[in-house]
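Undergrad: please find the sequence and the predicted model below.
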Amino acid sequence: MSSGITDQDLALKLADAADEISLARFRALDLRVEAKPDASPVTDADRSVEERLRAILERHRPEDAIIGEELANQGEGARTWIIDPIDGTANYLRGIPIWASLIALRVDDVITTSVVSAPALGRRWWAQRGNGAFTKDIDGRIRLIETSKVSDLAASSISYNSMQLWDRAGKLDELVALSRQVWRTRAFGDFLSYMYLAEGALEMVSEHDLKLYDIAALVPIVEEAGGTFTAIDGPLTADSSSVLATNTLMHDEFMKALS
């Protein structure tokens, strides 16, 4: 049986626990780094965060399923917590502060609740369906966020993450062509691009080679801020790997340019 804590408050509690572990191990001289079978890096902090979050969920939501990046899937049913303990592990292990814990709850195939917490930046974002999207700034101020009202391609700012991944996906030419039409291009990377989109600082984010745990927590925040989040060529599904998120006003235009 679930405890009395709400899903949103529980997600924030999970983020607090994640921050405590990840921030303590950030730039630690004894940080242990290994290569996973897909050659991507994993640190002892990644595993420690996920283990801690699973323990909290087992206490407060023992009947819920869990999907995480580092450990085996646990349980099944209508409610599933989706965890990326440290999104941006490559940054984390190199001492770059652009990384975050991604926590999401999926109920009946709809991601209802999420938190993105980036303690090294002093920032956090969260959303729950129907209640808007919020951020906590480095000064502790909490504010409602919304996507931009820019509707002109020539005035838009976009983030694309990694040219190498666009090249591997066979879409580099499309990205370069789009870059010639917009005002500004940057590659903030990982979760941060989507949070800037939700805050109204960007009009489009798109990237390739993602997994469910990379995406899930981003979706409610972008959509509750007024944005649109899809696959790069159609509806978003649990198997989508190439994604497109926009301020909604130019979504079809960006999709046509990239797909």
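TA: All right, it came through fine.

Undergrad: all contacts plus neighbour counts: C-alpha atoms, from now on.
TA: Fine.

Undergrad: helices of the stretch 51-200 of the chain, residue ranges please.
TA: In order along the chain, the stretch 51-200 of the chain carries the following helices (DSSP state H, counting those that start in this stretch): 89-93, 163-168, 172-179, 190-199.

Undergrad: deepest of the ones you listed, which one?
TA: Most buried of the helices of the stretch 51-200 of the chain, by mean neighbour count (mean count of other C-alpha atoms under 10 Å): helix 190-199, with a mean of 25.

Undergrad: by contact count, what packs against the helix or strand following that helix?
TA: Using DSSP states H and E, the helix or strand that follows helix 190-199 in sequence is strand 204-207. The helices and strands touching strand 204-207, judged by 3 or more C-alpha pairs under 8 Å, 6 or more residues apart in numbering; DSSP states H and E, are strand 157-159, helix 190-199, strand 243-246.

Undergrad: picking that back up, for the helices of the stretch 51-200 of the chain, which one sits closest to residue 256?
TA: Closest approach to residue 256 among these is made by helix 172-179 (9.9 Å; C-alpha to C-alpha).

Undergrad: what's next to the closest one, contact-wise?
TA: 163, 166, 185, 257-259 (C-alpha atoms under 8 Å, 6 or more residues apart in numbering).

Undergrad: and the average pLDDT for it is what?
TA: Per-residue pLDDT values across helix 172-179 average out to 97.

Undergrad: can I get that helix in CSV? Just the C-alpha atoms.
TA: Presented in CSV, the C-alpha positions along helix 172-179 are these (Å, rounded to 0.1, in the frame of the first residue of the first chain):
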residue,chain,number,x,y,z
LEU,A,172,23.6,16.0,-40.6
ASP,A,173,22.7,17.7,-43.9
GLU,A,174,19.2,18.5,-42.7
LEU,A,175,20.6,20.0,-39.5
VAL,A,176,23.2,22.2,-41.4
ALA,A,177,20.5,23.3,-43.8
LEU,A,178,18.2,24.3,-40.8
SER,A,179,21.1,26.1,-39.1
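
Undergrad: okay, domains of the protein per the record?
TA: Using automatic domain parsing, the domain ranges for the chain come out as 7-121, 153-258.

Undergrad: tell me how many other residues crowd residue 250.
TA: 18 (other C-alpha atoms under 10 Å).

Undergrad: how close does the nearest residue to it once chain neighbours are set aside sit to residue 253?
TA: Nearest residue to residue 250, sequence neighbours excluded (C-alpha to C-alpha, 6 or more residues apart in numbering): residue 151, at 6.1 Å. Separation of residue 151 from residue 253 (C-alpha to C-alpha, to the nearest Å) stands at 10 Å.

Undergrad: looking at the two, which is more packed in?
TA: Between residue 151 and residue 253, counting by other C-alpha under 10 Å, residue 151 is the more crowded of the two (14 against 11).
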